[in-house]
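**Student:** I'll drop the sequence and a predicted model, then ask my questions.
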Amino acid sequence: GENVEQHPSTLSVQEGDSAVIKCTYSDSASNYFPWYKQELGKRPQLIIDIRSNVGEKKDQRIAVTLNKTAKHFSLHITETQPEDSAVYFCAASITNDMRFGAGTRLTVKP
Amino acid sequence: GAVVSQHPSRVICKSGTSVKIECRSLDFQATTMFWYRQFPKQSLMLMATSNEGSKATYEQGVEKDKFLINHASLTLSTLTVTSAHPEDSSFYICSASYLNNEQFFGPGTRLTVL
């Protein structure tokens, strides 16, 4: 089955800096790659997603890139703000089978 | 659109009792619903996938007799934790999907077994 690895497990940046979180997946059949933001005790919130027919997608300060050959995708957050502090999860999905990475705890210091 | 509710949000029960958690898609018909478990500071672990009217598919290591899943309609799935024990204490989250692989998550249920 699909295996998703996520790095780093923790990330601390200064407000205004950029943050990058990287994930790799094992199954080349995966075709949907969402990123979720989860605050303590709350549901994961979809912040951006990308499908296998696209290499890059951007939504304001958030961007995701996908390298199908390397089976690698990344989340980029620019101009970070304290409210970006949360745990971020990547996921890879084939049809309805979605597997999550272990998560990255992002702390943005004011 | 695509709102998923979950009830209760928090439950505390005694060891040996059973607890039922409901997951509802409020504004769409979910072809598939999913149940996840999340331990503190860990990722979401898929427990089972269920399609309306059919038996749930459980992940390896998840006891289907302990975690009973019923998906009687396109808007409701229930998870019953039978004979709960302290090690079952966790955050249980459901999600629902209706197209294009996207999953919409419920707010979660925090279960504490004393």
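**Tutor:** Cool, the structure landed.
**Student:** okay, CA-based contacts and neighbour counts for the rest of this
**Tutor:** Fine.
**Student:** Contact residues of chain B facing chain A?
**Tutor:** Within chain B, the positions near chain A by C-alpha under 8 Å from any C-alpha of the partner chain are B:32, B:42-46, B:93, B:97, B:100-101, B:105-108.
**Student:** The residue nearest to the spatial centre of chain B: helix or strand, and which one exactly?
**Tutor:** For chain B, B:Trp35 is the residue whose C-alpha lies nearest the centre (C-alpha atoms, centre = their mean; 3.6 Å). Per DSSP states H and E, B:Trp35 falls inside strand B:32-38.
**Student:** residues of that strand that come out buried?
**Tutor:** By neighbour count on 16 or more other C-alpha atoms under 10 Å in any protein chain shown, the buried set for strand B:32-38 is B:32-38.
**Student:** so what does that strand touch, helix or strand wise?
**Tutor:** If you count contacts as 3 or more C-alpha pairs under 8 Å, 6 or more residues apart in numbering or on different chains; DSSP states H and E, strand B:32-38 packs onto strand B:45-51, strand B:90-97.
**Student:** ok, residues contacting it?
**Tutor:** When contacts are defined by C-alpha atoms under 8 Å, 6 or more residues apart in numbering or on different chains, strand B:32-38 is touched by residues A:96, B:44-52, B:77, B:79, B:90-98.
**Student:** separation between the residue nearest to the centre of chain B and chain A?
**Tutor:** For B:Trp35, the distance to chain A (C-alpha to the nearest C-alpha, to the nearest Å) stands at 11 Å.
**Student:** Pairing-wise in the sheet, spell out the partners of that residue.
**Tutor:** With DSSP bridges as the criterion, B:Trp35 is bridged to B:Ala48, B:Cys94.
**Student:** on that earlier part again, just the buried members of the residues of chain B next to chain A?
**Tutor:** B:32, B:43-46, B:93, B:97, B:101, B:105-108.
**Student:** In a markdown table, list those residues along with pLDDT.
**Tutor:** Converted to a markdown table, these look like this (pLDDT from 0 to 100):
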| residue | pLDDT |
| --- | --- |
| B:Thr32 | 91 |
| B:Ser43 | 93 |
| B:Leu44 | 93 |
| B:Met45 | 94 |
| B:Leu46 | 93 |
| B:Ile93 | 97 |
| B:Ser97 | 91 |
| B:Asn101 | 80 |
| B:Phe105 | 95 |
| B:Gly106 | 96 |
| B:Pro107 | 97 |
| B:Gly108 | 97 |
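**Student:** among those residues, which two are most distant?
**Tutor:** B:Thr32 and B:Ser43 (20.9 Å; C-alpha to C-alpha).
**Student:** Report the secondary structure state of B:Gly16.
**Tutor:** Of the three states, B:Gly16 takes coil under DSSP: H, G, I helix; E, B strand; the rest coil.
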